[in-house]
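**Student:** build me a structure from this.
(4 chains)
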There are 2 protein chains.
Amino acid sequence: MTKADTISKRNRILNIAEELFAQRGYDGVTLRQIASGANVDVALASYHFGKKLDLFNAVFERRAELLNASRLSALRLAQDNANKKGPSVEQVIEAFLRPLEIAQESGDEGWKNYLALIAYVNNSPHWGALMMSKIFDELVNEFIAALRKALPNAKHEDIYWCYHNLSGALTLTLAQTGRIDKLSKGACRSSDFRAAYDVMIPFAAAGFRKVCKARKD
Amino acid sequence: MTKADTISKRNRILNIAEELFAQRGYDGVTLRQIASGANVDVALASYHFGKKLDLFNAVFERRAELLNASRLSALRLAQDNANKKGPSVEQVIEAFLRPLEIAQESGDEGWKNYLALIAYVNNSPHWGALMMSKIFDELVNEFIAALRKALPNAKHEDIYWCYHNLSGALTLTLAQTGRIDKLSKGACRSSDFRAAYDVMIPFAAAGFRKVCKARKD
DNA sequence: TTAAGCTTTCAACAGTTGTTGAATAATTGG
DNA sequence: CCAATTATTCAACAACTGTTGAAAGCTTAA
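**Tutor:** Below is the predicted model of the structure:
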């Protein structure tokens, strides 16, 4: 009996759907490919999840609660350890990013696929923004509030534009396209989230400080 | 005779394919939707471009040369106006981004779609990196060389990680997902490239400086 | 054991997909 | 003008799509 046999067919469908959707996007995957990858009949996906889009939503929401809780508790920890001025920009960004790294280092390949799926959704026009909002807005607003507290002189919209830049850098990292590997001729590896965040945290923090202090008009 | 009639059917196919591929991705668009949008028979796309993937490549390559030339000349201009130390980080990033803004302000809606298509390709795992390399590597290496000259103390891989962050911020901007609009409750608009770059340039420049000076190990 | 309720497979559906070969129309060069 | 090339449409193909109803298998509890 292989390991796959011990996992319920329902979860096998979720796992392979997660992987395929992350690699090829919603329209690039057929239910038959998912069923075949899960070693299961085509109809079983419909039985468990309904329409194809419902399956996609189930995949996207499966790990959301755990991930959000992990990032929120990292933020709370930083806030508890800070003085009344609240955590610094670096500390807030650290709490925003590091949990994603731990998720990868758990050794669960599924997490890696899930993060790539987030990148796919976040970069998708129109419907992507809706789906992202539903799952992540509450958490993101917490972080933005913490950033605003750390940067009291910031113009209202500058906080959002800076967050947008951070979100973009993060999204491209999560997508794991391998482009930076090739460009740097192997000096950087897309799969090395820790190395990415080691640079992204000071990079983004310096950006926030520069933009949100220099421009007070 | 409407305006559409004055444009060759071949170009109408390219235009509508550009728009649809940018909005829904490669697999999210059918040749019949393209043909219908161009008011043309399905077979005509195959006649002019061959397979569906060939059409996609034709779309992706159509504006590449012009765009690359525009960005390269912006870099050359900055280099000509600089002293022998070369242009500053801000000036290099400015040359990297501003041509994309001009492309939008030309009023040609097609450019906007094309930039969103670049975002789609750049964020796509595996095949995206190959396609990006083929079209943009030569130009990107020019910019990275200029950045390295502006940051002589930088560790080799830090330049690439910083560029990765900039590329991610840019990619999410080009994707025009509308997410930042919603998150900021209208304070920021995805369609306003100038506002995005006004923040992105000092943001990224500060990030480059911080990362590529502080860490010399 | 039996009956009930899940789970899984089987078989088939109507519609859509990319692609092609032949037929027709439009354009061009002599 | 005609002939030849190019552009465009028409019709059809085999393969594949998501979805469903019915049948069969399995688990569980009385």
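**Student:** can we go C-alpha only for contacts and neighbour counts from here?
**Tutor:** Will do.
**Student:** A:Phe208 contacts B:Phe203, correct?
**Tutor:** Yes. The pair A:Phe208 / B:Phe203 is scored as a contact, 6.5 Å apart, by Cα atoms under 8 Å.
**Student:** which one's more surrounded, these two?
**Tutor:** A direct count of neighbours by other Cα atoms under 10 Å in any protein chain shown for A:Phe208 and B:Phe203 places A:Phe208 higher, at 31 against 27.
**Student:** hey, what's in contact with both of A:Phe208 and B:Phe203?
**Tutor:** Contact with both A:Phe208 and B:Phe203 is made by residues A:Cys162, according to Cα atoms under 8 Å, 6 or more residues apart in numbering or on different chains.
**Student:** residues from chain A in reach of DNA strand D?
**Tutor:** Listed as neighbours of DNA strand D in chain A under the rule Cα under 7 Å from any atom of the strand: A:27, A:29-33, A:42-43, A:46-47, A:50-53.
**Student:** at 6 Å what do you get?
**Tutor:** Within chain A, the positions adjacent to DNA strand D are A:29-32, A:42-43, A:46, A:51-52 by Cα under 6 Å from any atom of the strand.
**Student:** in ChimeraX, select just the buried ones from these.
**Tutor:** Per 16 or more other Cα atoms under 10 Å in any protein chain shown, the buried members of the residues of chain A next to DNA strand D correspond to this ChimeraX selection:
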select /A:29,31,42
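**Student:** just the ones of the residues of chain A next to DNA strand D in strands?
**Tutor:** If you go by DSSP state E, the residues of chain A next to DNA strand D have nothing in strands.
**Student:** touching, A:Leu14 and A:Phe60? I think so.
**Tutor:** No. Using Cα under 8 Å, A:Leu14 is not in contact with A:Phe60; the gap is 9.6 Å.
**Student:** show the average pLDDT along the helix or strand harbouring A:Phe96.
**Tutor:** Taking DSSP states H and E as the criterion, A:Phe96 maps to helix A:89-105. Average pLDDT, helix A:89-105: 91.
**Student:** what residues of it count as buried?
**Tutor:** Going by neighbour count (16+ other Cα under 10 Å), the buried part of helix A:89-105 is A:89-101, A:103-104.
**Student:** stretch A:13-28 near chain B anywhere?
**Tutor:** Yes. Judged by Cα under 8 Å from any Cα of the partner chain, stretch A:13-28 and chain B are in contact via A:23-24, A:27-28.
**Student:** what's the first-to-last distance across stretch A:178-191?
**Tutor:** 8 Å (Cα to Cα, to the nearest Å).
**Student:** now swap in stretch A:148-155 and tell me
**Tutor:** Across stretch A:148-155, first to last residue, Cα to Cα, it's 9 Å.
**Student:** is it in proximity to chain B?
**Tutor:** No. Contact of stretch A:148-155 with chain B (Cα under 8 Å from any Cα) is absent, the minimum separation being 10.6 Å.
**Student:** how's chain A carved up into domains?
**Tutor:** What automatic domain parsing lists as the domains of chain A is A:3-60, A:63-214.
**Student:** could you say which of those is packed most deeply?
**Tutor:** Counting by mean count of other Cα atoms under 10 Å in any protein chain shown, domain A:63-214 has the highest mean neighbour count of the domains of chain A, with a mean of 19.
**Student:** who are the packing partners of the longest helix seen in chain A?
**Tutor:** Secondary structure of chain A per DSSP state H: the longest helix is helix A:127-150. Judged by 3 or more Cα pairs under 8 Å, 6 or more residues apart in numbering or on different chains; DSSP states H and E, the packing partners of helix A:127-150 are helix A:64-80, helix A:89-105, helix A:109-122, helix A:156-175, helix B:179-183.
**Student:** could you dump the ones you listed to JSON lines with distance to DNA strand C?
**Tutor:** Compiled in JSON lines, these are given as follows (distance: least, Cα to the nearest atom of the strand, whole Å):
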{"stretch": "helix A:64-80", "distance to DNA strand C": "22"}
{"stretch": "helix A:89-105", "distance to DNA strand C": "28"}
{"stretch": "helix A:109-122", "distance to DNA strand C": "20"}
{"stretch": "helix A:156-175", "distance to DNA strand C": "25"}
{"stretch": "helix B:179-183", "distance to DNA strand C": "28"}
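**Student:** looking at the ones you listed, which is closest to B:Asn141?
**Tutor:** B:Asn141 lies closest to helix A:156-175 among the helices and strands packed on helix A:127-150, at 18.8 Å (Cα to Cα).
**Student:** average pLDDT for the closest one?
**Tutor:** Rounded mean pLDDT across helix A:156-175 is 98.
**Student:** that one vs helix A:89-105, what angle?
**Tutor:** 20 degrees (axes from the mean of the first three to the mean of the last three Cα atoms, to 10 degrees).
**Student:** tell me what the helix holding A:Phe96 is packed against?
**Tutor:** Applying 3+ Cα pairs under 8 Å, 6+ apart, we find helix A:89-105 packed against helix A:64-80, helix A:109-122, helix A:127-150, helix A:193-214.
**Student:** okay if I get the ones you listed as TSV plus mean pLDDT?
**Tutor:** Shown next, in TSV, are the helices and strands packed on helix A:89-105 (pLDDT from 0 to 100):
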stretch	mean pLDDT
helix A:64-80	97
helix A:109-122	96
helix A:127-150	97
helix A:193-214	95
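**Student:** redo these as JSON lines? Include distance to A:Glu18.
**Tutor:** What follows is the helices and strands packed on helix A:89-105, written out as JSON lines (distance: least, Cα to Cα, whole Å):
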{"stretch": "helix A:64-80", "distance to A:Glu18": "13"}
{"stretch": "helix A:109-122", "distance to A:Glu18": "6"}
{"stretch": "helix A:127-150", "distance to A:Glu18": "16"}
{"stretch": "helix A:193-214", "distance to A:Glu18": "19"}
